[in-house]
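Asker: show me how the following folds:
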Amino acid sequence: MSYQDVICEWKETAEEFFKTREHIFKEVISLSIERLRSGNKILVFGNGGSAAQAQHFAAELVNRFLKTRPPLRAIALSTDTSALTSIANDSSFDHVFSRQVEALGNQGDVALGLSTSGNSPNMLEAMRAARERGLITVALTGKGGGKLGPLVDYLLDVPSKKTPRIQEIHILLLHLLAQEIEEKSGS
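Answerer: Numbering: from 1, shown residues only. Now for the predicted structure:
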């Protein structure tokens, strides 16, 4: 596949996402702004490349995206290696995010999970824990949402089964979300 083909495929995937899911994305923007204004926080997490994107997003909220402003409350749950490794060692890798949600999540916070497949056991456990604690649950996934889809309040599933296209649209969505939060959060 040539890079021109990749660009074409990316464009088609992005256009299909916004044609069919933009209304859900707008709801996620609004609720994120509302929750941050109310003093809540966003807990964001994922595995592998999704962990990197989660960290990137949290950093943009805590520091800045496009303009200097007061910090916004966001925590990437993939950054604390001591917590991750102790939970994985003492309990199970399936609980590396759910234990942190239990420790750090409060009712009204937003749990934002990134998973290309939507089937990672640790993502499923985290969303179950988030729902039990009264967090608003959002997932960015690939087509259909996998097992994660039914566990969340807001599913933003990218209409593709190709990991690179899914991750590319995820970073676009995270950048747009950061931009809208920054512009409309009143900070």
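Asker: any idea how far residue 118 is from residue 7?
Answerer: Using C-beta to C-beta, to the nearest Å, residue 118 is found at 26 Å from residue 7. For glycine as for every other residue, the C-beta is placed from the backbone atoms N, C-alpha and C.
Asker: more neighbours, the two?
Answerer: residue 118 (26 against 10; other C-beta atoms under 10 Å).
Asker: tell me the contacts of the nearest residue to the more buried one once chain neighbours are set aside?
Answerer: Nearest non-adjacent residue to residue 118, counting by C-beta to C-beta, 6 or more residues apart in numbering: residue 146, 2.5 Å away. In this structure, residue 146 makes contact with 115, 117-119, judged by C-beta atoms under 8 Å, 6 or more residues apart in numbering.
Asker: ok, now with 7 Å
Answerer: Contact partners of residue 146, counting by C-beta atoms under 7 Å, 6 or more residues apart in numbering, are 117-119.
Asker: host element of residue 101?
Answerer: If you go by DSSP states H and E, residue 101 is part of helix 98-104.
Asker: check residue 64 too.
Answerer: Applying DSSP H and E, one finds residue 64 in no helix or strand.
Asker: all strands of this structure, in order?
Answerer: Taking DSSP state E, the strands of the chain run over residues 42-46, 74-76, 110-115, 136-141, 154-157.
Asker: quick check: mean pLDDT of the last one?
Answerer: Read it as strand 154-157. Per-residue pLDDT values over strand 154-157 give a mean of 98.
Asker: and it, which strands flank it?
Answerer: Paired neighbours of strand 154-157 in the sheet (DSSP bridges): strand 136-141 (parallel).
Asker: which residues sit against the partner strand?
Answerer: Here strand 136-141 makes contact (C-beta under 7 Å, 6+ apart) with 28, 31, 35, 110-116, 118, 127, 130-131, 145, 148-149, 151-157, 170, 173.
Asker: tabulate the CA atom coordinates of that strand in CSV.
Answerer: What follows is strand 136-141, C-alpha atoms only, in CSV (Å, rounded to 0.1, in the frame of the first residue of the first chain):
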residue,chain,number,x,y,z
ILE,A,136,-18.8,8.8,33.4
THR,A,137,-17.3,6.2,31.1
VAL,A,138,-16.0,6.9,27.6
ALA,A,139,-14.1,4.6,25.3
LEU,A,140,-12.2,5.3,22.1
THR,A,141,-12.0,2.0,20.2
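Asker: what are the buried residues along it?
Answerer: Under the neighbour-count criterion of 16 or more other C-beta atoms under 10 Å, strand 136-141 has 136-141 buried.
Asker: got the angle for that strand vs strand 110-115?
Answerer: Compare the direction of strand 136-141 with that of strand 110-115 by axes from the mean of the first three to the mean of the last three C-alpha atoms, to 10 degrees and you get 20 degrees.
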